[in-house]
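Novice: Build me a model from this:
(chains A and B)
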Amino acid sequence: MRVTEIRMKVNGSVESLDVEPWVSLLDALRERLGLTGPKKGCDQGACGACTVLADGVRINACLALAIQYDGREITTIEGVTHPLQEAFVRHDGLQCGYCTPGQICSAIGMLAEHEAGMPSAVTGSQGLDEAEIRERMSGNLCRCGAYNGIVDAIKEASR
Amino acid sequence: MRPFAYVKPADVAEAVRAATEPGARFLGGGTNLVDLMREGIERPDTVVDVTGLPFDTVTELPDGGLRIGALVRNSVLAADGRVRTRYPMVSQALLSGASAQLRNMATVGGNLLQRTRCPYFYDHASACNKREPGAGCDALDGFNRSAGILGVSEHCVATHPSDLCVALAALDATVEVHGVDGTRRVPMAGFHRLPGDTPDVETTLAPGELVTAVELPPVPAAANSRYRKVRDRASYAFALVSVAAALEVRDGAVTGVRLALGGVAPKPWRATRAEDLLLGGPADETAFRRAAEAELADAVTREGNAFKPRLAVATITATLRELSTGGTAR
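Specialist: Alright, predicted model coming up:
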């Protein structure tokens, strides 16, 4: 089957790569560009370990076909410098670390969504409290159960 | 994933033409289709990516309703100020579904066309009439906690998984579709089909027909509306039972009501029997419960989902009570 050349700005640099239509954005990032920060967990959009930012918006890279993201700007954990990273360390928000790249990319997207006034299912509570953080981060699973540290880290970084 | 050809049409006519070919499927946000393709349940020869088409805005209709482009992302629609004010249950339904990442990808048109989450549909080792017509249904006597209780058949007890569609059904939304013969408008009630003996045929769309918009009519009662979803965990799970309800009360009497249920049927279930009983009657607990019980009177349960009628009655009653006490008096 014919490959297509796509161009994406990934972590600030323009990348050109040939993909078959069935290559996921996650596989393109990991296997073609060597960016192994985004993790392949469930490969079904259920765990959030593959979360990246597309034009600043958090998405599941495993359910995205790379070809659909031609011309877009992608940020993976490798392109992130954010106070969240130190906050995660400080609050023991990473244990095995497998879900951490997705958690941090997701939290960055989440903070921007909250800042823009986008609601969640629990909106009505005061500001970005624990209920809001847990609801808005529910697409990212952590099998170690580091949730308490993750919530604390996000709370700290959002101040 | 099984190889497929990919086309990205420049306009609707080209999209419809491409999708009329056998083995072609439209691709929107991909949150359901790509997953099913990876599981080998959907096996398209050609994927027609419609995300470049200009159907990604929400606009006002002259009658006070809203026109929602089929490519509007779930997260964007949920945040729309007009939706939140005039149709809060639409925003709440969207926000109760999936995760933020998925809502950022998923489209309104795709939401209407998502397939069931019945575990037997996903399991190639099990019999499923929806996945493989004539194979049988292992859910009938299997793990059927999530299975439907209204509108089901002996060939299929799967539920439609959408939250948004439940709110759209309550509002009598209209779906605009484009096909080879032009445009037609399908009322939400006539968009999805009950399973009967062909559970694999889920909608009334003709081959190649593309959903281009959903229109919400003006429904004054919907300003006082609520989507309440009951599930096994607080977040990021499909509904066991959900209720989309709008209620208008004047002098203690119900002057406007809309009610639809999710998680209980193979399509978003418009509760017209309950609505008819409620309209004009007292807005009190007894009336709410009686109407809910009447709606669930025909429920057919199986071992795993025998709790659902009671849960549905309780959820309907609680939602209407909430709307009658906390709602805005008009």
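Novice: What are the boundaries of the strands in the chain?
Specialist: This is for chain A. A:4-10, A:13-19, A:51-54, A:57-60, A:73-75 (DSSP state E).
Novice: I was thinking of chain B, sorry if that wasn't clear
Specialist: Using DSSP E, strands in chain B cover B:5-7, B:24-27, B:46-49, B:58-60, B:66-69, B:174-179, B:182-187, B:210-216, B:225-230, B:241-250, B:253-262, B:269-270.
Novice: Same list (those) but as a markdown table, adding distance to A:Pro101.
Specialist: For glycine as for every other residue, the C-beta is placed from the backbone atoms N, C-alpha and C. Converted to a markdown table, the strands of chain B look like this (distance: least, Cβ to Cβ, whole Å):
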| stretch | distance to A:Pro101 |
| --- | --- |
| strand B:5-7 | 28 |
| strand B:24-27 | 27 |
| strand B:46-49 | 27 |
| strand B:58-60 | 33 |
| strand B:66-69 | 33 |
| strand B:174-179 | 39 |
| strand B:182-187 | 43 |
| strand B:210-216 | 35 |
| strand B:225-230 | 30 |
| strand B:241-250 | 33 |
| strand B:253-262 | 34 |
| strand B:269-270 | 41 |
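Novice: now for these, which one comes closest to B:Ala127?
Specialist: Closest to B:Ala127 of the strands of chain B, according to Cβ to Cβ: strand B:24-27, at 23.9 Å.
Novice: which residues touch the closest one?
Specialist: Here strand B:24-27 makes contact (Cβ atoms under 8 Å, 6 or more residues apart in numbering or on different chains) with A:65, A:68, B:15, B:18-19, B:33-34, B:42, B:44-51, B:109, B:113, B:208, B:210.
Novice: Can I have the buried ones of the residues you listed as a ChimeraX selection?
Specialist: Restricted to buried positions by 16 or more other Cβ atoms under 10 Å in any protein chain shown, the ChimeraX selection for the contacts of strand B:24-27 reads:
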select /A:65,68 /B:15,18,19,33,34,42,44,46,47,48,49,50,51,109,113,208,210
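Novice: taking the contacts of strand B:24-27 one by one, which sit in helices?
Specialist: Counting by DSSP state H, those place B:Ala15, B:Ala18, B:Ala19, B:Leu33, B:Val34, B:Gly109 in helices.
Novice: got the residues of chain B near chain A?
Specialist: Applying Cβ under 8 Å from any Cβ of the partner chain, we find that chain B lies next to chain A at B:1-6, B:27, B:30-31, B:34-35, B:37-38, B:47, B:49, B:51, B:75, B:78-79, B:84, B:91-92, B:95-96, B:98-102, B:104-105, B:234-236.
Novice: Report the buried members of those residues.
Specialist: By 16+ other Cβ under 10 Å, these give B:1, B:4-6, B:27, B:30-31, B:34-35, B:37-38, B:47, B:49, B:51, B:75, B:78-79, B:84, B:91-92, B:95-96, B:98-102, B:104-105, B:235-236 as buried.
Novice: ok, B:Arg82 touching B:Leu66?
Specialist: Yes. The pair B:Arg82 / B:Leu66 is scored as a contact, 6.0 Å apart, by Cβ atoms under 8 Å.
Novice: joint contacts of those two?
Specialist: Common contacts of B:Arg82 and B:Leu66 (Cβ under 8 Å, 6+ apart): B:Val58, B:Glu60.
Novice: who has more neighbours, those two?
Specialist: Comparing B:Arg82 with B:Leu66 by other Cβ atoms under 10 Å in any protein chain shown, the one with more neighbours is B:Leu66, at 22 against 13.
Novice: wait, what's in contact with the residue lying closest to that one once chain neighbours are set aside?
Specialist: Taking Cβ to Cβ, 6 or more residues apart in numbering or on different chains as the measure, B:Leu66 lies nearest to B:Leu216, with 4.6 Å between them; neighbours along the chain are not counted. The contact partners of B:Leu216, by Cβ under 8 Å, 6+ apart, come to B:Gly65, B:Leu66, B:Arg67, B:Ile68, B:Arg86, B:Tyr87, B:Val90, B:Leu168, B:Leu171, B:Ala173.
Novice: export the residues you listed to JSON lines and tack on pLDDT?
Specialist: As requested, the contacts of B:Leu216 are exported to JSON lines (pLDDT from 0 to 100):
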{"residue": "B:Gly65", "pLDDT": "98"}
{"residue": "B:Leu66", "pLDDT": "98"}
{"residue": "B:Arg67", "pLDDT": "98"}
{"residue": "B:Ile68", "pLDDT": "99"}
{"residue": "B:Arg86", "pLDDT": "98"}
{"residue": "B:Tyr87", "pLDDT": "98"}
{"residue": "B:Val90", "pLDDT": "98"}
{"residue": "B:Leu168", "pLDDT": "98"}
{"residue": "B:Leu171", "pLDDT": "98"}
{"residue": "B:Ala173", "pLDDT": "98"}
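Novice: Mind jotting down where the helices sit in the stretch 51-200 of chain B?
Specialist: Taking DSSP state H, counting those that start in this stretch as the criterion, the stretch 51-200 of chain B contains helices spanning B:74-79, B:81-86, B:88-95, B:100-105, B:108-112, B:119-122, B:164-170.
Novice: In terms of secondary structure, what does the fourth one contact?
Specialist: Counting by 3 or more Cβ pairs under 8 Å, 6 or more residues apart in numbering or on different chains; DSSP states H and E, the packing neighbours recorded for helix B:100-105 are strand A:57-60, helix A:100-115, helix B:74-79.
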